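Colleague: sequence plus predicted model, see below.
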Amino acid sequence: METERDELFKRASELYSRCLETNAVTSTPFLTPAEQYDLSRAAEHFGWTNMRFFGGGPDCERKVAFFLPAYAAEGDFDPSEYLCAVRATTRFASPGHRDYLGSLMGLGIRREFLGDIYVSGETACFFCLPSVLRHILMNLERVGKSGVKTEQIELDSVPVPVRTGKEIRFSLQSLRLDAAAAGLFGMSRTAAARLIESGQVSLNYSVCLKTDAPVAEGDVLSVRGHGKGNIVSCGGTTRKGRIFITAELL
């Protein structure tokens with residue numbers, strides 16, 4: 001039985017081949033961070049060197065995978081031809097992220113056609129695929145109980161959210177998941193191991209049940225009820241041979 005991951009790889013392979021055959025840009029819908037991670041590993045394995053991710057703005061979580069033809073150097077590629085941004089404004093109300101997502105999906109728009117949604121008071125900005133832009137502008141009239149006005153804006157007009165990550169530093173005896181989770185979230189290694197074994201810990205957006213699973217720079221860890229963080233760097237050792245770790249709580 002074909003899994004969702006298999007289907008993702010199959011679709012990406014078809015897009016890669018079509019890009020080479022037609023010498024034109026091809027792209028996926030918006031992908032979750034877990035799907036992006038899986039596709040990045042697949043690209044390394046299959047040699048898809050022309051694949052790039054863009055979400056519409058810097059630090060977007062949801063991104064589209066683009067396969068670029070030889071003539072489209074990465075620095076010359078303009079994602080605004082393939083991604084759109086919308087500003088939505090309410091009056092005397094402040095709907096949240098869930099309200100906007102619910103209203104958009106209530107229009108019959110699937111989640112993969114929508115990128116990140118940023119909400120600030122009476123204003124929200126979000127990214128979408130061009131195929132649903134007109135539908136949104138014509139039909140998104142209410143969010144929750146509030147009336148809303150929408151307009152298309154340039155991608156670079158979307159305010160960049162302020163990063164609130166907190167840098168922390170600690171040392172590990174070995175680069176394994178239980179030790180990293182313990183250091184990152186300030187708990188004992190025994191407690192971290194119990195959480196891993198009970199399926200409450202994800203490594204690179206997938207639940208991991210192995211306490212000794214290796215971790216490395218760039219890995220993202222999340223623990224249910226404790227939050228999410230990533231390993232920024234691993235380097236140098238203490239006098240006792242422990243490995244220095246720099247991480248960020250997100």
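Modeller: Cool, got the structure.
Colleague: tell me where the chain has strands.
Modeller: 26-31, 51-54, 63-67, 84-90, 114-120, 123-128, 142-143, 146-153, 166-172, 201-203, 206-207, 220-223, 227-237, 243-249 (DSSP state E).
Colleague: now the ones you listed as a markdown table including mean neighbour count?
Modeller: Glycine gets a C-beta too; all of them are placed from N, C-alpha and C. Below are the strands of the chain laid out as a markdown table (neighbours: other C-beta atoms under 10 Å):
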| stretch | mean neighbour count |
| --- | --- |
| strand 26-31 | 21 |
| strand 51-54 | 19 |
| strand 63-67 | 23 |
| strand 84-90 | 20 |
| strand 114-120 | 19 |
| strand 123-128 | 22 |
| strand 142-143 | 18 |
| strand 146-153 | 15 |
| strand 166-172 | 14 |
| strand 201-203 | 22 |
| strand 206-207 | 11 |
| strand 220-223 | 21 |
| strand 227-237 | 15 |
| strand 243-249 | 18 |
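Colleague: same list, those strands, but as TSV with mean pLDDT and distance to residue 102 please.
Modeller: Output for the strands of the chain, formatted as TSV (pLDDT from 0 to 100; distance: least, C-beta to C-beta, whole Å):
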stretch	mean pLDDT	distance to residue 102
strand 26-31	98	17
strand 51-54	96	26
strand 63-67	97	22
strand 84-90	97	13
strand 114-120	96	11
strand 123-128	98	13
strand 142-143	96	8
strand 146-153	97	13
strand 166-172	94	31
strand 201-203	96	25
strand 206-207	92	26
strand 220-223	96	24
strand 227-237	93	23
strand 243-249	95	29
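Colleague: turn those strands into CSV, including distance to residue 213.
Modeller: Below are the strands of the chain laid out as CSV (distance: least, C-beta to C-beta, whole Å):
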stretch, distance to residue 213
strand 26-31, 23
strand 51-54, 24
strand 63-67, 25
strand 84-90, 38
strand 114-120, 29
strand 123-128, 33
strand 142-143, 41
strand 146-153, 42
strand 166-172, 13
strand 201-203, 6
strand 206-207, 10
strand 220-223, 10
strand 227-237, 13
strand 243-249, 16
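Colleague: between those strands, which one is nearest to residue 189?
Modeller: Nearest to residue 189 among the strands of the chain is strand 166-172 (9.6 Å), distances taken as C-beta to C-beta.
Colleague: next, name the residue at the spatial heart of this structure.
Modeller: Nearest to the mean C-alpha position of the chain, by C-alpha atoms, centre = their mean, lies residue 61 at 2.8 Å.
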